[in-house]
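**Q** what follows is a predicted structure for the sequence shown.
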Amino acid sequence: MVRPNVSPPHTHHRKIQRRMLRVETLEGRRLLSADLMQHHAVQVTESQIITHHDTIPRFGANPTNIAVANGLWSNSTTWSENRVPHADEITSIPHGVEVIYNIDSNVRLDVIEVSGQLEFDQSVDTSLWLNELIVMPSGTLTIGTAESPIAGSVTAEIVFTDTPGSEGHHFKTGSITAPGIDPSQYGNGLIVLGTLNVVGSDKTDFVRAVGDIRGGGVIVNLDGTPVGWLAEDLIVVPETSQTVIRKTPVILNETETSRIVNVSGSELTLSTPLKHNHFGITENSFGIERSAHVANLTRNVVLRSENPDGVRGHVQATGNATFNIANAEFRSLGRTSADSQVADTLFETDGSVFVIGENQVGRYPIHLHHLSNPFLIEGVVINDGLKWGIAIHDTNNGLLQNSIVYDVDGAGVVTENGNEVDNRFINNLVMKVDGGHQAFDARAGAVEARDLQGNRFIEIGADGSGFWLRASAGTFIGNTVYDSASYGFNFNGYYRTADSEFEFRQLDEFSNNETVSSKGGLWFTWSQGQSQIQNYQRQTVSDFLAWHVSHEGVKAYHEANLTFTGVTVIGNSQVSNRNEGSNTIFDARSTTGLWFGSPSYENHNLRLENIQVEGVNTGIVVPLKSGIEGTQIIGAKLRNYINIAMPKDSDAIKVRYENIDFLPSYVGRIANSFPEQVANVWHAETGVILPGSTSSDAPPGVPSNLPLTTQYRESDGRLILRGGDGDESVEVYEADGTVEFRFDGAHAFSIPSNAISIVIFWGAGGNDAFVNNSQVKLMAFGGGGNDRLVGGSRADSLFGEAGDDRIEGRGGDDRLYGGSGNDVILGGEGADKLRGESGNDQIWGGLGSDPIIDGGDGNDELFGDQGDDVIVGGSGNDFGSGGDGDDFVGGGDGHDQLFGGLGNDVLSGGSGNDWLQGDNGHDKLWGGDDDDTLVADPSDWVINGGLGHTTLF
């Protein structure tokens, strides 16, 4: 696809180079017969298609309408029945016959078996709905070609129908007692054993934004003019924030989509404002700049499921298939789910069904399954997959380039068994990999399991990695992963014994790849085969960038002879400072640049060259078991609280470091397990070997030398202010797109309005004042002392806590809580929730209908003012007045005085000797327990004194 002229290199402008692979097809060979044939170990019988690895039902074995002449699908003379195929038809296109599909129809066919040629008309919109589309070994399905793609003014789609049986599977699956023709669930999809050519209209796949993308806006500026982007196209903007680490996992979920309204050069106008900020890389000492990608998910050739929540379709190419696709979207395909362990259909020894699989393996949006030919996937979109986006299984010499995988659960791109070699992954974009049932697996998605018959198998790739790779063979250049629950790139050989044919294959090239806003950047474990460390050959990772990852930029163990050169990890120091940490384990619940510190497992002969790490808790954690050569760190720039950490029991003599530029840290101490001072080199047992220093400048975006502790999270615009035991005064003003903060009446700092989402104030001790004269949302805690908290125009949450506090909500639907002490609370405008809690409080609801005005403990005075209010006195002798509107006024415990005011009110005295006066309107007065006085007039509807002696006026 077409790339704008931007940097870095993997978003450059280029003219697409069509590399549709040319291989020998079955048309050049002679078939044994029309119904019984064999081709490159694919045998076709009357009822089955048998490959080396699969026995697939022959869904089109009994056609009801056969193409008998070359021609248009819409011509009745093309067909044996002298009519166009109708609903539920099984259709066959025999070898030697070519049919042009030229209709836009939602007629729900059953099967098309293509042994000849089926080509989609390029001059009209086309739509094909069916259960199975089978391209036989001699068949060809063409939806555009490299020389003549489907033009941008035309659409072509294949829709796999939702046709479940009584047990929820596809209706051809059947049950244990009554199996269908397809108990192993190959059906409801596209199965390619012949040739597939799909080429849609060229367009720019993705391009980076210019600078930060701020939430609330509809304008996005791109670093280049996209080609082929149109109104109504769906774009996605990925999450870029760093996630803070807590015992309870935090999930941001900030990747989001919107439709294009207009494209003007490099400026996009969106249909809906973005909800989140999508900031670029944190300002850093290395001069590296990156902004979020913006990706276009819309293509004019679409393969999709009719019902994403029903029986989904899938695409599988196997045997001697030729698989060439470009500029197409695969939407809501794939049935295999990452949410639970795979569960295949199992058979007894006599061939009868033992159990129908509830999560059949191998049914993915694109599954390249034991292909004997190379493949080409270019400019393709995978949108919404339940486990993997693209699965490459024992298939070699392929090219995946300029493609997008978005919103899958297990992994974006997978090499399945480790025998996949010489595949190239160039300039692809993977976003939003949510993670399935292995999301918290310590081995990052490799688990030994057993099926219901006790057979052992290895479940892989349900952890949420962008690329999950069974071995380290292949070429990876210019790929980017955002928002993956696990690692951007996961080379994981757990339980894999080296294959004799491809034993100890290394990376052909791994360079200029990038991971953003994920758990980790890059994982290596047993990458050349389990328990084969002594035979590992050296392999190199070059120019890898991880930014705003939460846990590790690079993590490796059970490895040998790895070289990392030019690796950069950049954290958001504000988030790293908020990590929970551990008081006993320094690298737990903290962010690390490069981690090799397994206490039990090896990282032999590690070489780190020209490494850059900034803004994380620990820069490099070196190995304990480092092999004969030890660990070499040659050339680095490090700016972290601990720059080089040596775990307990590690041998400092086996760590060689030279030409290191140690920079003052922006990150502070987060837990007792860390040294008390910044450390350039530190041993967990012996202490600081080489002390470091703290930067005199506050981290980017945060002012320094303030009377309050200030933490600003640039990723989502959250500002936290913490006071001490003194009397703090904070005022917030907003004008001309800027929010100004004044401390004790003096200007402290300013932040752009669109860069701040919420202010959180902790007063601690002292008599504090916080007055919000802005549209920024406020959450404030007064702490001890007599505090004044004043909200702004948004829905604020203000908590007085201890002391006699004055709390004012002003605009918005506020939550105002007095806490202990005698408080004054004023709701202001909006539907406010006001609670006095303990103490003798005075509460005014103000304008708006307030859902609760609760006095709590103490003798309270409660006023509804305007609107329809709910007033509850609580315990104590309370005074309650509804004011205007139709109010509920309840006394609760104690001797209460309740007045309805204007409107049709309900007064309920509760326990105690109460005074109830309805005033104007049609009121209902309920005295409750004890001796009550009720003041009513003829317009009141209900007058009930309840228990006790009642005096009625």
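**A** It's in.

**Q** neighbours around the nearest residue to S793 once chain neighbours are set aside, how many?
**A** Here the nearest residue to S793 in space, its sequence neighbours aside, is G811; by C-beta to C-beta, 6 or more residues apart in numbering that works out to 3.7 Å. For glycine as for every other residue, the C-beta is placed from the backbone atoms N, C-alpha and C. G811 has 18 neighbours, counted by other C-beta atoms under 10 Å.

**Q** before we move on, what about A588?
**A** 15.

**Q** quick check: closest non-adjacent residue to it.
**A** S582 (3.9 Å).

**Q** contacts only, for the one you found.
**A** A588, R589, S590, A671, S673 (C-beta atoms under 8 Å, 6 or more residues apart in numbering).

**Q** separation between it and P675?
**A** As judged by C-beta to C-beta, to the nearest Å, S582 and P675 stand 14 Å apart.

**Q** what about the stretch 401-550 of the chain, any weak spots by pLDDT?
**A** 498-504 (pLDDT under 70).

**Q** state the three-state secondary structure for the residue nearest to S793.
**A** coil (DSSP: H, G, I helix; E, B strand; the rest coil).

**Q** thinking it is in contact with D832, fair?
**A** No - checked against C-beta atoms under 8 Å, the pair G811 and D832 is beyond contact range at 10.2 Å.

**Q** after the least confident helix or strand in the chain by mean pLDDT, which helix or strand is next?
**A** Every helix and strand of the chain was ranked by mean pLDDT, DSSP states H and E. The lowest is strand 37-39, at a mean of 47. Next in sequence after strand 37-39, counting helices and strands by DSSP states H and E, comes strand 42-44.

**Q** circling back: now render the contacts of S582 as TSV, adding pLDDT and distance to D787.
**A** Listed next are the contacts of S582 as TSV, based on pLDDT from 0 to 100; distance: C-beta to C-beta, whole Å:
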residue	pLDDT	distance to D787
A588	95	37
R589	95	33
S590	97	34
A671	89	31
S673	94	36
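
**Q** closest to S849 out of these?
**A** Distance to S849, by C-beta to C-beta, is smallest for R589 among the contacts of S582, at 44.5 Å.

**Q** what about that closest one, neighbour count?
**A** R589: 18 neighbours (other C-beta under 10 Å).

**Q** what about the nearest residue to M136 once chain neighbours are set aside, distance to N577?
**A** With C-beta to C-beta, 6+ apart as the criterion, M136 has its nearest non-adjacent residue at 4.4 Å, and that residue is S115. According to C-beta to C-beta, S115 and N577 sit 65 Å apart.

**Q** ditto for V872
**A** 42 Å.

**Q** what does I50 give?
**A** 61 Å.

**Q** with neighbour numbers in mind, choose between the two.
**A** N577 (22 against 16).

**Q** which ones are touching the more buried one?
**A** By C-beta under 8 Å, 6+ apart, N577 lies in contact with V667, G668, I670, P699, Q711.

**Q** do the same with S838
**A** For S838, the contacting residues are G819, S820, G821, G856, D857, G858, by C-beta under 8 Å, 6+ apart.

**Q** is it true that W73 touches V84?
**A** Yes - W73 lies in contact with V84 (C-beta under 8 Å); the separation is 6.8 Å.

**Q** domain parsing for the chain?
**A** 207-295, 571-697, 709-911 (automatic domain parsing).

**Q** now do the longest one: distance to the chain's middle.
**A** Centre-to-centre, domain 709-911 and its host chain are 36 Å apart (C-alpha atoms, centre = their mean, to the nearest Å).

**Q** make residue 1 into 66 and carry on from there
**A** Yep, numbering from 66; the last one is domain 774-976 now.

**Q** start and end of it, how far apart?
**A** One end of domain 774-976 sits 48 Å from the other (C-alpha to C-alpha, to the nearest Å).

**Q** what touches both of W138 and V149?
**A** When contacts are counted by C-beta under 8 Å, 6+ apart, the set common to W138 and V149 consists of I168.

**Q** would you mind measuring from the residue nearest the centre of the chain to D528?
**A** Ranked by distance to the mean C-alpha position of the chain (C-alpha atoms, centre = their mean), the top residue is K497 at 3.6 Å. For K497, the distance to D528 equals 14 Å [C-beta to C-beta].

**Q** could you list the low-pLDDT ranges of the stretch 866-1015 of the chain?
**A** Looking at the stretch 866-1015 of the chain by pLDDT under 70, you get 1010, 1013, 1015.

**Q** what's the most buried one of the domains of the chain?
**A** Greatest average neighbour count among the domains of the chain goes to domain 774-976 (a mean of 22), per mean count of other C-beta atoms under 10 Å.

**Q** show the model's pLDDT score for the residue nearest to A653.
**A** Looking at S647, its pLDDT is 92.

**Q** residue boundaries of the helices in the chain?
**A** Counting by DSSP state H, the chain has these helices, from start to end: 638-641.

**Q** my guess is F629 contacts Q604. True?
**A** No - contact criterion C-beta under 8 Å: F629 and Q604 do not qualify, at 10.2 Å.

**Q** returning to what we had before: now the contacts of S647 in JSON lines, with distance to L317?
**A** Output for these, formatted as JSON lines (distance: C-beta to C-beta, whole Å):
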{"residue": "A653", "distance to L317": "21"}
{"residue": "R654", "distance to L317": "17"}
{"residue": "S655", "distance to L317": "18"}
{"residue": "A736", "distance to L317": "23"}
{"residue": "S738", "distance to L317": "26"}
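
**Q** any idea how far the closest residue to G230 other than its chain neighbours is from T142?
**A** Of all residues beyond its chain neighbours, the one nearest G230 is F236 (3.9 Å), with distances taken as C-beta to C-beta, 6+ apart. Plainly put, F236 is 32 Å away from T142 if you go by C-beta to C-beta.

**Q** what does G802 give?
**A** 69 Å.

**Q** repeat for N1009
**A** 87 Å.

**Q** who's more crowded, the two?
**A** N1009 (13 against 10).

**Q** nearest residue to that one in space, please, no chain neighbours.
**A** With C-beta to C-beta, 6+ apart as the criterion, N1009 has its nearest non-adjacent residue at 5.1 Å, and that residue is W991.

**Q** residues contacting V954?
**A** Taking C-beta under 8 Å, 6+ apart as the test, what V954 contacts is 927, 929, 936, 945-947, 963-965, 970-973.
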